[in-house]
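A.B. asks: just to be clear, the model below is a prediction. Sequence and coordinates:
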Amino acid sequence: MTNKVGLIGFPVEHSISPAMHNAAFKHLGMDWAYDAMAIPPDILKYGIREPMQHGYIGLNVTIPHKEAVMRLVTPDAIARAVGAINTIDFRTNTGTNTDVQGLIDDLKAYHIPLKEETVLVLGAGGAARAAVYGLVREGARVIVVNRTLQKAQVMLADLTISAGIRGVDAMTLDEAVEHAPSLIINCTSAGLYPKIDDSPWVDGVPFPKNITVYDMIYRPQKTKFMTQAENAGGRAIGGLGMLVRQGALSFKLWTGVDAPLETMFATALIELALKG
Ligand code: NAP
């Protein structure tokens, strides 16, 4: 019998995860299938229970359910720290968050040093929270910048309570660049399709020269923020690798098999080209 996994979210039509996972199963000759289910927030409890009762092994969870499913399955330490679940395993009724390791794995794949490096995290939403947690665990000195400074302060207070994270400051962009970061990670949605002319970089603050930036956005694959970094002599990396790697970690969790990364990357690229 085919092993079933899937994605719940609302909406889910734009997700490239089904194609990525199904290509991986096919590549390895595995009798598994991944499908996407659009579940409105008011029926989330039912939306989790139904696939479980129909024999699904696990689920990916996307917007807007990542926080709400924390109440429906048991979150592991990473999910508790991040305050959000993106992968459920029904065999153990647990949830984890593979965004944290997906980001760190991708930064390492690009040989970006993290230990004792000063890293600016732009944003204070779920993605920023995952980044701060992962980077601190890797020994980076992290500074958070968000257009609403108070939200960054609340996020850091939450991380102190949920994961014992301390020593991370929130400040304005012009203050933060004075700390000479070697890496800046955009965890905001500024520049995300269709608003491709937006950037999280504040006008009037000079872009640091010759540094590395990582933009979690992968639609478009080259954002305005990345172009700004390159124009200042820096190196710019987009978020597709993080997307593929967080998926590969879910794949491994469900199947126990190492994901075929190249197949997943190639499929993700094709899907993005097809879906725009
Ligand atoms: P979120 O919770 O909605 O947070 C959005 C953040 O962006 C907030 O800090 C917000 O600032 C900031 N922001 C929005 N528009 C802005 C603008 N025009 N200028 C400056 N800041 C702006 O979203 P999220 O879930 O954290 O996701 C953030 C981004 O990461 C999205 O683009 C998402 O697609 C991407 N992401 C990628 C991956 C991957 O695998 N590559 C994984 C997760 C997320 P305020 O607090 O001031 O509103």
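C.D. replies: Received the coordinates, thanks.

A.B. asks: so what's the residue in the stretch 51-200 of the chain that the ligand sits nearest to up against?
C.D. replies: In the stretch 51-200 of the chain, no residue comes nearer to the ligand than Gly125, which is 2.1 Å away by Cβ to the nearest ligand atom. No exception for glycine: its C-beta is placed from N, CA and C like everyone else's. With contact set as Cβ atoms under 8 Å, 6 or more residues apart in numbering, Gly125 has these partners: 187-189.

A.B. asks: so of the residues you listed, which ones are in strands?
C.D. replies: The strands in this structure, assigned by DSSP state E, contain none of the contacts of Gly125.

A.B. asks: what about the helix or strand containing Val121 and the ligand, touching?
C.D. replies: If you go by DSSP states H and E, Val121 is part of strand 118-122. No - interface with the ligand: strand 118-122 contributes nothing (Cβ under 6 Å from any ligand atom), its closest point being 7.1 Å away.

A.B. asks: what's the answer for stretch 152-167, then?
C.D. replies: No - counting by Cβ under 6 Å from any ligand atom, the ligand has no neighbours in stretch 152-167; the shortest distance is 7.6 Å.

A.B. asks: ok, back up a step: out of the contacts of Gly125, who's nearest Asp42?
C.D. replies: Ser189 (24.5 Å; Cβ to Cβ).

A.B. asks: the closest one against Asp215, yeah?
C.D. replies: No - the pair Ser189 and Asp215 does not pass the contact test of Cβ atoms under 8 Å, sitting 10.7 Å apart.

A.B. asks: and for the strand holding Val121, what's in contact with it?
C.D. replies: Applying Cβ under 8 Å, 6+ apart, the external contacts of strand 118-122 come out as 128, 131-132, 135, 140-146, 173, 176-177, 179-188, 200.

A.B. asks: re the thing from before, for Ser189 and Asp215, indicate the residue with more neighbours.
C.D. replies: Asp215 (30 against 15; other Cβ atoms under 10 Å).

A.B. asks: give me the beta-bridge partners of that one?
C.D. replies: Per DSSP bridges, the residues bridged to Asp215 are Asn186, Gly238.

A.B. asks: got the contact list for it?
C.D. replies: For Asp215, the residues meeting the contact criterion (Cβ under 8 Å, 6+ apart) are 185-186, 191, 223, 225-226, 236-239.

A.B. asks: can you show me the helices along the stretch 151-276 of the chain?
C.D. replies: With helices called from DSSP state H, counting those that start in this stretch, the stretch 151-276 of the chain shows them at 173-177, 224-231, 240-255, 261-275.

A.B. asks: turn these into CSV, columns for mean neighbour count and distance to the ligand.
C.D. replies: Shown next, in CSV, are the helices of the stretch 151-276 of the chain (neighbours: other Cβ atoms under 10 Å; distance: least, Cβ to the nearest ligand atom, whole Å):
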stretch, mean neighbour count, distance to the ligand
helix 173-177, 17, 10
helix 224-231, 18, 10
helix 240-255, 23, 4
helix 261-275, 16, 10
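
A.B. asks: save the ones you listed as a markdown table, and put in mean pLDDT too.
C.D. replies: Supplementary listing: the helices of the stretch 151-276 of the chain in a markdown table, determined by pLDDT from 0 to 100:
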| stretch | mean pLDDT |
| --- | --- |
| helix 173-177 | 97 |
| helix 224-231 | 98 |
| helix 240-255 | 98 |
| helix 261-275 | 94 |
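
A.B. asks: nearest to Asn86, of those helices?
C.D. replies: Closest approach to Asn86 among the helices of the stretch 151-276 of the chain (Cβ to Cβ): helix 240-255, 6.9 Å.

A.B. asks: helices and strands around the helix or strand where Gly102 lies, which ones?
C.D. replies: Mapping Gly102 onto the secondary structure by DSSP H and E places it in helix 99-109. Counting by 3 or more Cβ pairs under 8 Å, 6 or more residues apart in numbering; DSSP states H and E, the packing neighbours recorded for helix 99-109 are helix 77-82, helix 126-137, helix 240-255.

A.B. asks: mind listing what Asn86 touches?
C.D. replies: For Asn86, the set of contacting residues under the criterion of Cβ under 8 Å, 6+ apart consists of 60-62, 66, 96-99, 246, 250.

A.B. asks: burial count for Lys115?
C.D. replies: Lys115 - counted by other Cβ under 10 Å - has 8 other residues nearby.

A.B. asks: excluding sequence neighbours, find me the nearest residue to it.
C.D. replies: If you skip the residues right next to it in sequence, Lys115 has Gly139 as its closest partner in space, 4.0 Å away by Cβ to Cβ, 6 or more residues apart in numbering.
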